[in-house]
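1. Build the 3D model from these lines:
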Amino acid sequence: MPERAAGGGAPFSVLSARHTVAAEETYVTARAQEEYSALRATIRERGTARVWLFVIGVAVWSSLALAVLAVALPPVATLIPLVCLAADFEAVLALHGAAERIGRYLLVFHQDGWEGAVGTFGRPPGALVVDPLFSIVFVLATIINLVPMMVSSPIREEWLIVGTAHAAFIVRIARARAAAGRQRHVDATRFEELGGRS
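-> Down below sits the predicted model:
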């Protein structure tokens, strides 16, 4: 039975982010409402955790990079802050990907209006461009991470090993960013195959 607006007015959807009057009655089971609320909370929490993880990870990376530079360690030591940077990126990617997947689940199985609107909104001309993976910052940090090696006069083999590792990470960032751009469509299609709306 749908809930009724104050004063016995028209029913509204319990699933809406705000209680607004709906054009049609929407019946939601207690289990479906509980699942919806828990998943919306998970998206919110993972979004917040993603930003904090990025900030903390970059702070730890910069500390390690400065330490490698200050102590004048061998060029191969730049791989230590690179691993920290890569771990931070992978954690940010995992949180973002999981939150996006939950959003597609809500769209397909709960007909979430917000997720539907966001999915069809796209990127209109002149709109603010937001990078949820912070990929540009990660690429710049990767390039900056080479500075300690440059000042230590590396030999060719060190350039090859360290440069290859840094280049591989930049490729990983680019591929992850491209995959993230396709994720909404891929996940929605898969959830529809699993039994959502057609």
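2. for the helix or strand where Thr164 lies, packing partners?
-> Assignment of secondary structure by DSSP states H and E places Thr164 within helix 156-193. For helix 156-193, the contact count by 3 or more C-beta pairs under 8 Å, 6 or more residues apart in numbering; DSSP states H and E identifies helix 79-110, helix 135-144, helix 147-150 as packing neighbours. For the C-beta atoms, the positions are set from N, CA and C on the backbone; glycine is no exception.
3. Out of these, which gets nearest to Ala165?
-> Taking C-beta to C-beta as the criterion, Ala165 comes closest to helix 79-110 out of these, the separation being 5.9 Å.
4. Now do that closest one against helix 156-193, angle only.
-> Taking axes from the mean of the first three to the mean of the last three C-alpha atoms, to 10 degrees, one finds helix 79-110 and helix 156-193 inclined to each other by 10 degrees.
5. Which strands or helices does helix 79-110 pack on?
-> Taking 3+ C-beta pairs under 8 Å, 6+ apart as contact, the helices and strands that helix 79-110 lies on are helix 30-71, helix 113-121, helix 135-144, helix 156-193.
6. Any regions of the protein where pLDDT drops low?
-> Along the chain, segments meeting pLDDT under 70 span 1-26, 114, 116-122, 196-198.
7. Apply 50 and report the result again.
-> Judged by pLDDT under 50, the chain has its weakly predicted residues at 1-14, 16-23, 196-198.
8. mind listing what the spatially most central residue of the chain touches?
-> In the chain, the residue lying closest to the centroid (C-alpha atoms, centre = their mean) is His96, at 2.1 Å. Applying C-beta atoms under 8 Å, 6 or more residues apart in numbering, we find His96 in contact with Arg46, Arg50, Pro132, Leu133, Ala180.
9. so how far is Thr189 from it?
-> Remark: distance between His96 and Thr189 (C-beta to C-beta, to the nearest Å) = 19 Å.
10. cool, Asp88 as well?
-> Taken as C-beta to C-beta, the span from Asp88 to Thr189 is 30 Å.
11. between these two, who's got more neighbours?
-> Neighbour comparison, Asp88 and Thr189: the larger count goes to Asp88, with 22 against 13 (by other C-beta atoms under 10 Å).
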